[in-house]
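Trainee: could you look at this predicted model? Sequence included:
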Amino acid sequence: MTIDPSIGPERARAVFDEELARSGSADLLQALRHRWVARSGSWMAAFMEGVARAAPEQKKALGRGANDLKKHVETALEARETALAAARRPAGAVDITLSGRAPRLGWRHPLSLIRDQVGAIFSRLGYQVLEGPEIEDDYHNFEALNMPADHPARDMQDTLYLAEPLMPATYDAPPRGRAPRGPQPLTLLRTHTSAMQIRQMERQDPPVRLVAVGPVYRRDNLDLTHTPMFHQVEGLVVGRGVTLADLKGTLTSMAAALFGSGQAVRFRPSFFPYTEPSAEVDIRCIRCHGDGCPMCKRTGWLEILGSGMVHPAVFEYVGYDPDEVTGFAFGMGIERVALLKWGVEDIRLFYENDLRFLEQFGR
Ligand code: DAH
């Protein structure tokens, strides 16, 4: 539209409003501003010239009209410019309307899944969940568990010894019990997590409710069911009036939580030097449900753990009074639970880091 101030401010205003409505971008808006309010060659400049040339008696009315138009144009331009600026994305801004890129999630290791599940089961029951040293001294791994030097039960698990014993970096003397005064040389890789029973009872008065989880080591050759390093969960409960019924109830409900409700278990008399009486716990075969199959060697049962009532001699080692407190303990292999639960036939698969295997168990 060409500039024609003779159409008068009323009409001009309508023209401007129409042009404004069509100026949706910053560029168009700038051109509009130029066309209407530039110092020369614009609508406003033409109007002002018209006012200057007008006869004196018309000047006043024409001047007011031109001024009103100018005010309207400038306010409208400014309002539109502010609105456009507010709508503009700041440089470098994130476009939150873009759909996201899914991060590649890993899988937790199947042994970690079992470990965490057992930890959760027992934390719910108010147990503390502990870890402990993998390099041990003879006292905690054997002697205080009622296996003095030369005790034949030491052969129940073949021990890996360090070529050079280590002295512990720190030493906190246990407040009571029979632990040797002073630090002991660390001579071996712990053969079971039962050592943690002793360590915790030494530093804590009864009652005790703990599970201790972690790696243990034995002189075994790798085969379908053995590795020289594997993992155990140890459990220990000590207090006034703890009975074999508590042990049975606890382990029965643990089996249900791990393998499914209604999981049948049986307690079979056994021997461990640190428990009396002792029992091994079997679950009904997961595969054949008791009919007998190769997995359970036709017995209908699968052994999952060792357990028993804490031997009074163990209490004496840690300075608990066996006339005051009783307790139960158990030790379970994490690999064994995983093998049974998922029907894995070769324990070595847990250590070979083949993702096709590891990705099957969940996160
Ligand atoms: N320490 C045993 C093992 O490694 C398992 C065990 C049996 C732990 C009986 C216990 C227990 O606490 O009471 O085979």
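Mentor: Sure thing, it's come through. Residues are numbered from 1 along each chain as shown.

Trainee: how many neighbours does residue 253 have?
Mentor: Residue 253: 15 surrounding residues under other C-beta atoms under 10 Å. For glycine as for every other residue, the C-beta is placed from the backbone atoms N, C-alpha and C.

Trainee: for the ligand, what is the nearest residue in the stretch 151-300 of the chain?
Mentor: residue 192 (3.4 Å; C-beta to the nearest ligand atom).

Trainee: what's the burial count for residue 143?
Mentor: The number of residues packed around residue 143, counting by other C-beta under 10 Å, is 20.

Trainee: assess the claim that it and residue 149 are in contact.
Mentor: Yes. Checked against C-beta atoms under 8 Å, the pair residue 143 and residue 149 is within contact range at 7.2 Å.

Trainee: helix, strand or coil for the closest residue to residue 349 other than its chain neighbours?
Mentor: Distance criterion C-beta to C-beta, 6 or more residues apart in numbering; nearest residue to residue 349, sequence neighbours excluded, is residue 357 at 5.2 Å. Using DSSP: H, G, I helix; E, B strand; the rest coil, the secondary structure recorded for residue 357 is helix.

Trainee: how close does residue 357 sit to the ligand?
Mentor: Summarising the geometry, the distance separating residue 357 from the ligand, computed by C-beta to the nearest ligand atom, to the nearest Å, is 26 Å.

Trainee: which stretches in this protein count as strands?
Mentor: With DSSP state E as the definition, the chain shows strands at residue ranges 128-130, 135-136, 161-166, 186-189, 208-217, 229-239, 265-272, 275-284, 301-310, 326-333.

Trainee: what does the stretch 151-300 of the chain have sitting close to the ligand?
Mentor: By C-beta under 6 Å from any ligand atom, the residues of the stretch 151-300 of the chain that approach the ligand are 192, 194, 234, 272, 275.

Trainee: scan these and report the most crowded one.
Mentor: Counting neighbours by other C-beta under 10 Å, residue 194 leads these with 28 neighbours.

Trainee: just checking, it touches residue 314?
Mentor: No. Counting by C-beta under 8 Å, residue 314 is not a contact partner of residue 194; they are 9.4 Å apart.

Trainee: joint contacts of these two?
Mentor: The contact sets of residue 194 and residue 314 overlap at 145, 274 (C-beta atoms under 8 Å, 6 or more residues apart in numbering).

Trainee: residue 348 - how many residues pack around it?
Mentor: A count of nearby residues for residue 348, using other C-beta under 10 Å, gives 13.

Trainee: excluding chain neighbours, what is closest to it?
Mentor: The shortest distance from residue 348 to any non-neighbouring residue, by C-beta to C-beta, 6+ apart, is to residue 222 (6.2 Å).

Trainee: just the pLDDT at that neighbour, thanks.
Mentor: As summarised for this prediction, residue 222 has a pLDDT of 88.

Trainee: ok, the nearest residue to residue 264 once chain neighbours are set aside - contacts?
Mentor: Of all residues beyond its chain neighbours, the one nearest residue 264 is residue 284 (4.0 Å), with distances taken as C-beta to C-beta, 6+ apart. For residue 284, the contacting residues are 263, 264, 265, 290, 300, 301, 302, by C-beta under 8 Å, 6+ apart.

Trainee: returning to that earlier point: mind putting the residues of the stretch 151-300 of the chain next to the ligand into JSON lines with distance to residue 96?
Mentor: Converted to JSON lines, these look like this (distance: C-beta to C-beta, whole Å):
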{"residue": "192", "distance to residue 96": "54"}
{"residue": "194", "distance to residue 96": "55"}
{"residue": "234", "distance to residue 96": "50"}
{"residue": "272", "distance to residue 96": "61"}
{"residue": "275", "distance to residue 96": "61"}
